[in-house]
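In: any chance you can model this:
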Amino acid sequence: MTISRRALLGTTLGAPFAATLPPLASPALGQSQWPARPVRVIVPWPPGGSTDVLARLVAEQLSQKLGQPFVIENRPGAGGNIGHDQIAKSTPDGYTMGPVTVGGWSINQYLYARLPYDPEKDISPISMHWELPNVLAVPTAHVPATNLQDFITWAKTKQGGVNYGSPGVGTTPHLSGSMFINRLGIEGVHVPFRGAAQTIPALLGGDITFALDNLASYVPIIASGQMRALAVTSAERWPTLPDVPTMAEAGVPDFVVTSWCAMAFPAGVPSAITQRAAAAIKEVSETQAMQERFLRTGARALYGTPEQAAERAARERPMWREVVRISGARLE
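Out: Have a look, this model is predicted:
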């Protein structure tokens, strides 16, 4: 029930005193003028990575469009949990936001024994931000297969099995690789690294057999011919690798796995601010120039409603829960 200011003052303070009060500021007016001061953008990953680079692209455009600085603050650590927790526990006034990855929103709750925040209650989505697929890459000098089915046949008969690299336990490349070998009955061992900068040399040196890693880091090395891309995990062929089939096209159906990210506020931010932020992200992300800049980094710029972002996170949680279970991964 809404109680008018007149009624409230009349019952508690009396009309003579009420007449001396200054007008109250209108919350709706303040929300429509958002942002009235700089906005913090907490990035749960280190500077220079894909999440950081793409957040900076959008922050730059939002600053120009909305007339206030959107200031990046990197808060890496614990698989993104430190930064995600800071986003979730910030004051819900619209002046702290950040990129929330699929790991922080849909995977880590099954991977970690405990989280400092509740992904389903403490995070309020604004809009989807980006997505990028994983690519199954093999070193040309060490793996003879030229297509995915040949690789599967070769891997199943390889004495001692295969091993696959990833940028760490519980990452989408690790879980994608685990899902791949388990579904196809391939004997395989996971070898975690500290990112593609370590995984790629291990592949080229023949120390590991394959990686199902984020595409962005692999496009140049694939183009050079030192690695062969056998399939991508997106639903459709990826614009920067148009000759590489999807998993389904290569004979492995129902294997659509992408890394993705949404922009989010902490829970409790007024709807009017969330809607204004979502509209601004859509306007800056749908331009041809921004789409091209994202693709050059290996990702696709996304946008949409808060409801669409929340629905995607909820839809994927059962899949990731099962994939984490099968992988046996568990972190404290």
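In: can you check the distance spanned by stretch 251-270, start to finish?
Out: Start and end residues of stretch 251-270 are separated by 47 Å (C-alpha to C-alpha, to the nearest Å).
In: repeat for stretch 202-210
Out: End-to-end distance for stretch 202-210: 10 Å, by C-alpha to C-alpha.
In: list the buried ones in that stretch?
Out: Buried residues in stretch 202-210, counted by 16 or more other C-beta atoms under 10 Å: A202, L203, L204, I208, T209, F210. Every C-beta, even on glycine, is put in place using the N, C-alpha and C of the backbone.
In: hang on, the second one packs against T140?
Out: Think L203. No - if you go by C-beta atoms under 8 Å, L203 and T140 don't touch, sitting 9.9 Å apart.
In: between those two, which contacts overlap?
Out: M227 (C-beta atoms under 8 Å, 6 or more residues apart in numbering).
In: tabulate the buried residues of stretch 202-210 in CSV, adding columns for distance to G188.
Out: Converted to CSV, the buried residues of stretch 202-210 look like this (distance: C-beta to C-beta, whole Å):
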residue, distance to G188
A202, 15
L203, 14
L204, 19
I208, 10
T209, 8
F210, 9
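In: now, these that are in strands?
Out: F210 (DSSP state E).
In: identify, from the buried residues of stretch 202-210, the entry nearest to Y303.
Out: Nearest to Y303 among the buried residues of stretch 202-210 is F210, at 33.3 Å by C-beta to C-beta.
In: so the closest one sits against V138, correct?
Out: Yes - between F210 and V138 there is a contact under C-beta under 8 Å: 4.8 Å.
In: need the overlap of contacts for the two.
Out: With C-beta under 8 Å, 6+ apart, F210 and V138 have common neighbours F151, L203.
In: report the buried residues of stretch 253-272.
Out: Neighbour-count burial for stretch 253-272 [16+ other C-beta under 10 Å]: 255, 257-267, 269-270.
In: just flag the most distant two among the residues you listed.
Out: F255 and P270 (40.2 Å).
In: now V39, nearest residue through space, not along the chain?
Out: What sits nearest to V39 in space, not counting adjacent residues and going by C-beta to C-beta, 6 or more residues apart in numbering, is F70, at 4.9 Å.
In: distance check, P266 against T51.
Out: 18 Å (C-beta to C-beta, to the nearest Å).
In: do V219 as well
Out: On the measure of C-beta to C-beta, V219 and T51 end up 18 Å apart.
In: hmm, back to that, show me the buried residues of stretch 253-272 that map onto strands.
Out: Those of the buried residues of stretch 253-272 lying in strands (DSSP E): T258, S259, W260, C261, A262, M263, A264, F265, P266.
In: now pLDDT too, for the residues you listed, in JSON lines please.
Out: Compiled in JSON lines, those are given as follows (pLDDT from 0 to 100):
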{"residue": "T258", "pLDDT": "92"}
{"residue": "S259", "pLDDT": "92"}
{"residue": "W260", "pLDDT": "95"}
{"residue": "C261", "pLDDT": "96"}
{"residue": "A262", "pLDDT": "97"}
{"residue": "M263", "pLDDT": "98"}
{"residue": "A264", "pLDDT": "98"}
{"residue": "F265", "pLDDT": "98"}
{"residue": "P266", "pLDDT": "98"}
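In: how about the helices in the stretch 201-332 of the chain?
Out: 219-223, 271-285, 288-297, 306-327 (DSSP state H, counting those that start in this stretch).
In: and the closest residue in space to V257 that isn't next to it in sequence, what are its phi and psi?
Out: Among residues not flanking V257 along the chain, T233 sits closest, at 4.4 Å (C-beta to C-beta, 6+ apart). Dihedral angles phi and psi of T233 (degrees, to the nearest 10) take the values phi -100, psi 10.
In: buried residues, stretch 227-247. List them.
Out: Those would be 227-234, 238, 240-241, 244-247, for stretch 227-247 by 16+ other C-beta under 10 Å.
In: chain center to it, what's the gap?
Out: 20 Å (C-alpha atoms, centre = their mean, to the nearest Å).
In: now do the end-to-end distance for it.
Out: Stretch 227-247: ends 18 Å apart by C-alpha to C-alpha.
In: do stretch 256-274 as well
Out: 30 Å.
In: offset the numbering so it begins at 892, please.
Out: Will do, 892 is the new start, and the previous item becomes stretch 1147-1165.
In: any idea how far that stretch is from the chain center?
Out: 10 Å.
In: partner strands of the lengthiest strand in the chain, parallel or antiparallel?
Out: Ordering each strand of the chain by length in residues (DSSP E) puts strand 1014-1030 first. Strand pairing for strand 1014-1030, using DSSP bridges, gives strand 1101-1105 (antiparallel), strand 1118-1123 (antiparallel), strand 1149-1157 (antiparallel), strand 1191-1192 (antiparallel).
In: right, and the helix or strand after it?
Out: Scanning forward in sequence from strand 1014-1030 by DSSP states H and E, the next helix or strand is helix 1039-1048.
In: now do the buried residues in that next one.
Out: L1039, F1042, I1043, W1045, A1046.
In: check stretch 1184-1194 too.
Out: R1184, F1185, L1186, T1188, G1189, A1190, R1191, A1192, L1193, Y1194.
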